[in-house]
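Colleague: sequence unavailable; structure follows:
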């Protein structure tokens, strides 16, 4: 069945509405949800201090959201069929807006965690339905442009999140990081309720709910998110909690595959991931999510810890790349109708790999614009991957699997982001310890080089008014600080080498995609 057919019925029902206005509203709602996956990371220290809890306890605010988000992703296709896309989308958007306001008003950590769970459940159902609404609102020839607008929301939001969260917390309060979603969400609800035509529920395909399948998939994804998010902090498998959650995750996965593969109408069609086209797109989205979230989190961390940037300047560092991404998204939206997605994804992966490779030469003398240029190069690469990949993933998808495809692609982005952040954090910590131990081996007090450096540093502090005993101690502290700084630089270089390898790995996956018919109907599923 053609890809066009997947969206034809809905497209005819929505002919009276301006699809671009619908696209703007849907993208705005998506932007809010994706923004909340990163903004909370920035304001963690603020509400930890405000509520009088430890950083470890406060970090559950992020974990609970990710787990709830992953769980609801699996059920979103069913409820979109059961209630209709418009009704389900409005319910999710309403719950997300209200729970955001409740998060801002929370007076205890327990209350905040409860409201974050509600927010995650709503957000997880909202994003995949947003994507399927766009697929149904636009004909195949124009979907690339529509996905460009959606891509701006998904790719730019993680870039804006840390900067916006830091600015709000510094100048207002951490509560504004949640409160801003309230009025924007309520306005968006009103406009979508008026402008988006209603679609009929698919009662024939939503008569039965695959509860066991939902339980297995939600347990697998939720447990995986907990392991990735909490593993490093809890010392991985030295923690009995992480071992237990990992066992639950593995058991749910082993049981999920045969159960879902044998259902006539499963919660998640795992057989789609095993196909050449959709499977390759799924893996590329995993890598794209890993690079997007890892760089958006660790590049600001690098310039704040090793270059002395403030949170505001670290956020501004990401801005040029975000602006380039916004501009390139719409260019790529037009290119998808002229060039095969596989070649665009390949070019985007090359740009991304070059951006990551440039960061492997980081050292203490670099300026603002070096990092900004690498982000701008990444801002060219990510749209070239993201939009063609979404376009290619819908190729050959049957109409009764469009919502499921959206859910799986968004699950891949979220899981990939968690894997990327967890992988980068582990590489950073372990390689920094490794490099520090290697550097200390060369900082031998008896060596002439060490003694010369110590004398020069001591002389420097003496010339600035320190007494001899104090100057000697300051020189020793300075040498230790330099060792730590160099170990940090070398560890970050290792992180960017890993991300470079991920970018390169996407190239053969892109070339494995089959060609699709450009500017018209997609190929049939086989």
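Modeller: That came through, no problem. The model shown is predicted, which means the values in this text are computed figures rather than measured ones.
Colleague: now for the host helix or strand of residue 258, which elements pack on it?
Modeller: Following DSSP states H and E, the helix or strand that holds residue 258 is helix 240-262. Secondary-structure packing of helix 240-262 (3 or more Cβ pairs under 8 Å, 6 or more residues apart in numbering; DSSP states H and E): helix 211-230, helix 270-273. Every C-beta, even on glycine, is put in place using the N, C-alpha and C of the backbone.
Colleague: which helices and strands sit right next to the shortest one?
Modeller: Helix 270-273 is packed against helix 240-262, helix 276-306, helix 402-442, with contacts defined by 3+ Cβ pairs under 8 Å, 6+ apart.
Colleague: so what's the gap between the helix or strand following the second one and the chain middle?
Modeller: For helix 276-306, the succeeding helix or strand toward the C-terminus, using DSSP H and E, is helix 311-335. When distances are taken as Cα atoms, centre = their mean, to the nearest Å, helix 311-335 is centred 15 Å away from the chain's centroid.
Colleague: and the angle for helix 311-335 with helix 276-306?
Modeller: Relative orientation of helix 311-335 with respect to helix 276-306: 160 degrees, computed using axes from the mean of the first three to the mean of the last three Cα atoms, to 10 degrees.
Colleague: looking at helix 311-335 now, give me its mean pLDDT.
Modeller: The average of the pLDDT scores along helix 311-335 is 80.
Colleague: residues of it that come out buried?
Modeller: By neighbour count with 16 or more other Cβ atoms under 10 Å, helix 311-335 contains the buried residues 311, 313-318, 320-322, 324-326, 328-330, 332-333, 335.
Colleague: where does pLDDT dip in the stretch 351-500 of the chain?
Modeller: Low-confidence regions of the stretch 351-500 of the chain, defined here as pLDDT under 70, cover residues 399-400.
Colleague: nearest to residue 157, out of the helices and strands packed on helix 240-262?
Modeller: Ranking those by distance to residue 157, with Cβ to Cβ as the measure, places helix 211-230 first at 18.6 Å.
Colleague: what's that closest one in contact with?
Modeller: By Cβ atoms under 8 Å, 6 or more residues apart in numbering, the list of residues contacting helix 211-230 from outside reads 59, 62-63, 66-68, 70-71, 73-75, 78, 241-242, 245-246, 248-249, 252-253, 255-256, 259-260, 263, 266-268, 411, 414-415, 418-419, 421-422.
Colleague: list the buried residues in it.
Modeller: In helix 211-230, the ones that count as buried by 16+ other Cβ under 10 Å are 213-230.
Colleague: what angle sits between that helix and helix 240-262?
Modeller: Relative orientation of helix 211-230 versus helix 240-262 (the same axes, to 10 degrees): 140 degrees.
Colleague: helix 211-230 - what's its average pLDDT?
Modeller: Confidence for helix 211-230, expressed as mean pLDDT, is 83.
Colleague: just how off-centre is it within its chain?
Modeller: For helix 211-230, the distance to the chain centre is 18 Å (Cα atoms, centre = their mean).
Colleague: what of stretch 386-398?
Modeller: Between the mean C-alpha point of stretch 386-398 and the mean C-alpha point of its chain there is a distance of 19 Å (Cα atoms, centre = their mean).
Colleague: one step back: in the helix holding residue 258, what counts as buried?
Modeller: In helix 240-262, counting by 16+ other Cβ under 10 Å, buried: 242, 245, 246, 248, 249, 252, 253, 255, 256, 259, 260.
Colleague: for it, give the mean pLDDT please.
Modeller: Model confidence over helix 240-262 averages 88 on the pLDDT scale.
Colleague: need the contact partners of that helix.
Modeller: For helix 240-262, the surrounding residues in contact (Cβ under 8 Å, 6+ apart) are 210, 212-213, 216-217, 219-220, 223-224, 226-227, 230-231, 234-237, 266-271.
Colleague: do the same with stretch 446-456
Modeller: Contacts with stretch 446-456, where a contact means Cβ under 8 Å, 6+ apart, come from 443, 444, 445, 472, 475, 476, 479.
Colleague: and what of stretch 294-304?
Modeller: Contacts of stretch 294-304 from elsewhere in the structure, counted by Cβ under 8 Å, 6+ apart, are 38, 41, 158-159, 161-163, 309-311, 313-315, 317-318, 356, 359, 362, 371, 375, 378, 417, 420-421, 423-425, 428, 492, 495, 499.
Colleague: and the buried ones among the residues you listed, selectable in ChimeraX?
Modeller: Only the buried members of these enter the following ChimeraX selection, criterion being 16+ other Cβ under 10 Å:
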select :38,41,158,159,161,162,163,309,311,313,314,315,317,318,356,359,362,371,375,378,417,420,421,423,424,425,428,492,495,499
